[in-house]
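Q: Provided below for reference: sequence and predicted model.
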Amino acid sequence: MIFDILKDGLEYVGTNKNQIILYYIGILLFPLILIESYSYHIIENCMDGMINNKDKLPDITLNTEKIINGLKLLILKTLYFLPEIIIILIAFNLERVDYYTLFTILIVLSLLSYYLSQIATVLMIDNKQFKEGFNFSKIFEIIKSVGITYIEFIIATFIMILGIIGVTLIVIMTIMFLGNFSSILINIFIILMIILFFVFLVVMIPSYVLLKNRAIVSIYNLK
């Protein structure tokens, strides 16, 4: 099932190439607002969709309603990550910090916040009420009903992210090693790092968001 969901998500990302190009251009101008506004629109559009049903990406429209919807998503997600934000602020004001413990706590909390917030956003959009994003009894009920598939999705996306990071590190380490023999390769390494950072920030993360939105709604609809 999870492979069908991921396959459907990948195919969904490529169903409207003109909007994808506009999406990438828009991210350079209004990154967070565009991503969250379009995410809201995609989730709303996919609520009645079906896996492998050849649904198309909706057109990008930025009006007052879409911007407000995007801000709702942004605020909801920020509130879910509030514990991590508070912990970081407290840690910065401490004289001594066990960074290993801090890092471990932040990773665990961030994973929990991220995967709870994904179901919460769909629940909020489905019910068209902001407060439903904090209906924890309903959120845990949904996670319980789609548990195995959701866990598989978490593992699959984690592997995908590790794969991307792994390939990037191999390329970087190879060029750094070769750079010991040539100053030209050091310059190539710097240019490549800038390009990879740009591609990661403007292409890969936004593309993952599109895939993730479609996949999360597909999982949510299994409840």
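A: Structure's in. What do you need?

Q: The helix ranked longest in the chain: how far from the chain's middle?
A: The longest helix of the chain (DSSP state H) is helix 147-179. On the basis of Cα atoms, centre = their mean, to the nearest Å, helix 147-179 sits 15 Å off its chain's mean C-alpha point.

Q: by contact count, what packs against that helix?
A: Using 3 or more Cβ pairs under 8 Å, 6 or more residues apart in numbering; DSSP states H and E, the elements in contact with helix 147-179 are helix 2-13, helix 99-127, helix 183-199, helix 205-220. All C-beta spots, glycine's among them, are computed from the backbone N, C-alpha and C.

Q: Out of those helices, indicate the one that is most buried.
A: Most buried of the helices and strands packed on helix 147-179, by mean neighbour count (mean count of other Cβ atoms under 10 Å): helix 205-220, with a mean of 21.

Q: Dump that helix to CSV, keeping only the CA atoms.
A: Backbone C-alpha positions of helix 205-220 (Å, rounded to 0.1, in the frame of the first residue of the first chain) are rendered in CSV as follows:
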residue,chain,number,x,y,z
ILE,A,205,12.2,20.6,-0.4
PRO,A,206,9.2,22.1,-2.3
SER,A,207,8.9,19.0,-4.4
TYR,A,208,8.9,16.8,-1.3
VAL,A,209,6.2,19.0,0.2
LEU,A,210,4.0,18.4,-2.9
LEU,A,211,4.5,14.6,-2.7
LYS,A,212,4.1,14.6,1.1
ASN,A,213,0.8,16.5,0.9
ARG,A,214,-0.7,14.1,-1.6
ALA,A,215,0.6,11.1,0.4
ILE,A,216,-0.7,12.3,3.8
VAL,A,217,-4.2,12.9,2.4
SER,A,218,-4.1,9.4,0.8
ILE,A,219,-3.2,7.9,4.2
TYR,A,220,-5.7,10.1,6.0
